[in-house]
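Enquirer: Whatever this is, show me its structure:
(one chain, ligands or ions: 1)
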Amino acid sequence: MDPRRLDAGLTRRTDVLVVGGGPAGTSAAISCALNGLTVVLCERELFPRERVGEALHPGVEGLLDQLGLAGRLGEVTGARFDGAEVDWAGDRRFVPFGSDAAGPWRGFQVRRAAFDALLLERARALGVEVLNPCGALDPIVETGRAAGATTEAGDVRARLLIDASGPARWLERKLGLARRERSPQLVVRYGYVRGRLPDRDLRPLIHGDTDGWTWIACVEPGRYQWVRLDLSETARNRDWRPAGLAGLAPEGPSRGAEMGWRLTTPAGPGWMLAGDAAAMLDPTSSHGVLKALLSGRLAGATAAAMLNGGDEAQGLAAYRQWMEGWFTTDVAALRSLYRRLGAPWAI
Ligand SMILES: Cc1cc2nc3c(=O)[nH]c(=O)nc-3n(C[C@H](O)[C@H](O)[C@H](O)COP(=O)(O)OP(=O)(O)OC[C@H]3O[C@@H](n4cnc5c(N)ncnc54)[C@H](O)[C@@H]3O)c2cc1C
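Expert: Here you go, the predicted model:
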């Protein structure tokens, strides 16, 4: 049943309203629910829905354990890998994730539609009211603080609003929040091919040259993903594919996404941002989902501390400091990588 038609006249009341059902939103909702808060989550796209961003750092496994999904990652994993072949500015070597007494750490290539649905189901099982499909329309702002949102399923009045709307940046646009840009516009193109590419079955490859970089990875047996970021203004057309994939069958035309580095003010009175809605970096490091889960979890824990009697100003300040700290560290690391490719703006 479509909640837009069912409940449009209803006003819900909850501790926390989460906007967006990706890894950041579900991780925030689960963390709030585990801490005894009532939560409504609205997601505008009908689940399961496709998403790019399949390569996950091994650290995601421990995070999922903490969210109550121990042992479930295998259900949504298409391939495993222990690091990547990195061919950067002429220096080619294998970069492993690391290892311990049990052996090498291994990352995951997940099917994002299934991965995101697994997290959403966990939230639902903990009592989170999931409105799907249901878009958030406008924030409700009273005496200078967020107090919920109007949605396609009616008003949701909340003590705290967590925006995890990803690249849509719903709250930033609605409230005109300040944003810091730390790179020029960076457009990535990406696509999928089917066939056989034995060299990539065990390890992804990232190749960086003076024009940009190309990533090729096996996402599940017989299916490969490529991503291309150009530093020059050269526009790739929708039929372009990396030369190494000639002979494999493309799954439709490629797609594009703008991924310039930016940080939006991460928190304010009655609201917090998590995941890509707060901070965006291009996918060189493949850490987008990890950071979305981490920031969602931290937003949830901070929400619980504040709503259970803690000091809101202190909680929001600590969250802002954490988000700004990791963004600054990651930007410095990415700049040094792009400097090696000769990008003038990274010098
Ligand atoms: C080409 C490419 C390759 C990438 N590769 C990797 C990779 O290998 N590894 C990795 O970790 N990351 C990768 N990423 C990044 C990764 O996809 C993101 O960092 C991650 O999905 C962010 O999660 P999120 O929950 O913040 O946002 P999303 O996953 O984008 O979820 C946001 C959700 O909010 C919903 N929404 C938006 N507006 C509204 C609204 N008004 N009301 C209700 N719902 C709304 C959307 O429908 C969406 O479901 C890649 C990204 C790109 C573009």
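Enquirer: Within range of the ligand, give me the residues from this protein.
Expert: Taking CB under 6 Å from any ligand atom as the test, the list of the chain residues beside the ligand reads 19-25, 42-45, 51-56, 135-136, 164-168, 170, 188, 190, 227, 257, 259, 275-277, 283, 286-290, 292. From N, CA and C alone the C-beta is placed, and that goes for glycine too.
Enquirer: how about low-confidence regions in the stretch 201-347 of the chain?
Expert: Scanning the stretch 201-347 of the chain for pLDDT under 70 picks out the ranges 233, 235.
Enquirer: residue boundaries of the helices in it?
Expert: Remark: helices of the stretch 201-347 of the chain, listed N- to C-terminal, are 288-307, 312-341; assignment by DSSP state H, counting those that start in this stretch.
Enquirer: Domain-wise, how is the chain divided?
Expert: For the chain, automatic domain parsing gives the domain ranges 3-54+116-181+262-346, 62-110+187-258.
Enquirer: could I get those domains as JSON lines with mean neighbour count?
Expert: Formatted as JSON lines, the domains of the chain follow (neighbours: other CB atoms under 10 Å):
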{"stretch": "domain 3-54+116-181+262-346", "mean neighbour count": "20"}
{"stretch": "domain 62-110+187-258", "mean neighbour count": "16"}
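Enquirer: Include distance to residue 180 when you put the helices of the stretch 201-347 of the chain into JSON lines, please.
Expert: As requested, those are exported to JSON lines (distance: least, CB to CB, whole Å):
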{"stretch": "helix 288-307", "distance to residue 180": "16"}
{"stretch": "helix 312-341", "distance to residue 180": "8"}
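Enquirer: Nearest to residue 93, out of those helices?
Expert: In this view, these are compared for proximity to residue 93 by CB to CB, and helix 312-341 is the closest at 13.5 Å.
Enquirer: helices and strands around the closest one, which ones?
Expert: In terms of contacts (3 or more CB pairs under 8 Å, 6 or more residues apart in numbering; DSSP states H and E), helix 312-341 is packed against strand 83-88, strand 205-209, strand 262-264, strand 267-268, strand 271-273, strand 279-280, helix 288-307.
Enquirer: I'd like the ones you listed as JSON lines, with distance to residue 76 appended.
Expert: Below are these laid out as JSON lines (distance: least, CB to CB, whole Å):
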{"stretch": "strand 83-88", "distance to residue 76": "21"}
{"stretch": "strand 205-209", "distance to residue 76": "23"}
{"stretch": "strand 262-264", "distance to residue 76": "29"}
{"stretch": "strand 267-268", "distance to residue 76": "31"}
{"stretch": "strand 271-273", "distance to residue 76": "26"}
{"stretch": "strand 279-280", "distance to residue 76": "24"}
{"stretch": "helix 288-307", "distance to residue 76": "12"}
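Enquirer: Next up, the contacts around residue 203.
Expert: Applying CB atoms under 8 Å, 6 or more residues apart in numbering to residue 203 gives the contacts 81, 82, 83, 84, 85, 94.
Enquirer: per-residue confidence for residue 6?
Expert: According to the prediction, residue 6 has pLDDT 49.
Enquirer: Please apply the same query to the one 4 residues further on.
Expert: pLDDT, the model's per-residue confidence, is 85 for residue 10.
Enquirer: Next up, phi/psi of the residue nearest to it when sequence neighbours are not counted, please.
Expert: If the residues on either side of it in the chain are set aside, residue 10 comes closest to residue 154, at 4.3 Å by CB to CB, 6 or more residues apart in numbering. As for residue 154, its main-chain torsions (degrees, to the nearest 10) stand at phi 110, psi -180.
Enquirer: Residue 199 versus residue 154, what's the distance?
Expert: Distance from residue 154 to residue 199, counting by CB to CB, to the nearest Å: 53 Å.
Enquirer: quick one: residue 322 and residue 298 touch, right?
Expert: Yes - here residue 322 reaches residue 298: they are 6.3 Å apart, a contact under CB atoms under 8 Å.
Enquirer: Let me know whether residue 294 touches residue 63 as I believe.
Expert: Yes - in this structure residue 294 lies within contact range of residue 63 using CB under 8 Å: 6.8 Å.
Enquirer: intersection of neighbour lists for these two?
Expert: When CB under 8 Å, 6+ apart defines a contact, the residues bordering residue 294 and residue 63 alike are residue 27.
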